[in-house]
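S.K.: how does the following fold in three dimensions:
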Amino acid sequence: MSIKENIIHESLRLFSLKGFSSTSITDILEATGASKGGFYNHFKSKEELFYAVLEHARRIWREKVLTGLDQADQPLDKICKILGNYRDLYLIDSEDIPGGCIFITLAVELADKYPHLANEVNQGFTGFKAMLNNLLHNARKQGVLKGNTSTEAVTEMVFAGMLGASMMYSVDKSTENLRHTIDAIIQYLRN
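M.R.: Sure, this is the predicted structure:
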């Protein structure tokens, strides 16, 4: 792993545990063993590092949450696969995100202090909800969902359920509670 990759990786871990604002450059240097010059050779500022960390976090999310999606034929099966992966591969990833879902941590923290950075995080939420809505729309077209089902409302419920599960898991680290919550969302979709 290069110095730059190590700085990004350790910053992701720190941001997930402490947030962006509470993580200092000194914290990052201590975690990586890099010098101040080594840091600034790769990043002009902590904000520039934020964008690199966000892109790295998105890549991890895609790798973990979307894995095996092409093996599911039906739209609802794809959503259930996403939910299972989110639970089993992403949220419990203590190597990359020991504090829980980095996107939720950052969105909550940055909304008031750094709205332009919070907007960057929110773009991911918007894209994910669009993907969920598209899958639900396809399920409705196939007759799996009733014709009068609001795909937007179901999208919001699934997304809110995922956020809630993530928040609770970041507080209690209970895989049993996490499984129960995500399973309830899956059961809701199946019914």
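
S.K.: can we go C-alpha only for contacts and neighbour counts from here?
M.R.: OK.

S.K.: by contact count, what packs against the helix or strand containing E109?
M.R.: Here E109, judged by DSSP states H and E, is contained in helix 102-113. Here helix 102-113 touches helix 3-18, helix 115-141, going by 3 or more Cα pairs under 8 Å, 6 or more residues apart in numbering; DSSP states H and E.

S.K.: hmm, who's touching stretch 113-125?
M.R.: By Cα atoms under 8 Å, 6 or more residues apart in numbering, the surrounding residues in contact with stretch 113-125 are 54, 103, 106-107, 110-111.

S.K.: show the average pLDDT along it.
M.R.: Averaging pLDDT along stretch 113-125 gives 96.

S.K.: just the buried positions in that stretch, please.
M.R.: Neighbour-count burial for stretch 113-125, with 16 or more other Cα atoms under 10 Å as criterion, is recorded at 117-118, 121-122, 125.

S.K.: returning to what we had before: make TSV out of the contacts of stretch 113-125 and add distance to L189 and neighbour count.
M.R.: TSV is the format used below for these (distance: Cα to Cα, whole Å; neighbours: other Cα atoms under 10 Å):
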residue	distance to L189	neighbour count
L54	30	20
F103	24	22
L106	28	23
A107	26	20
L110	32	19
A111	31	15
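
S.K.: closest to V65 among those residues?
M.R.: F103 (13.6 Å; Cα to Cα).
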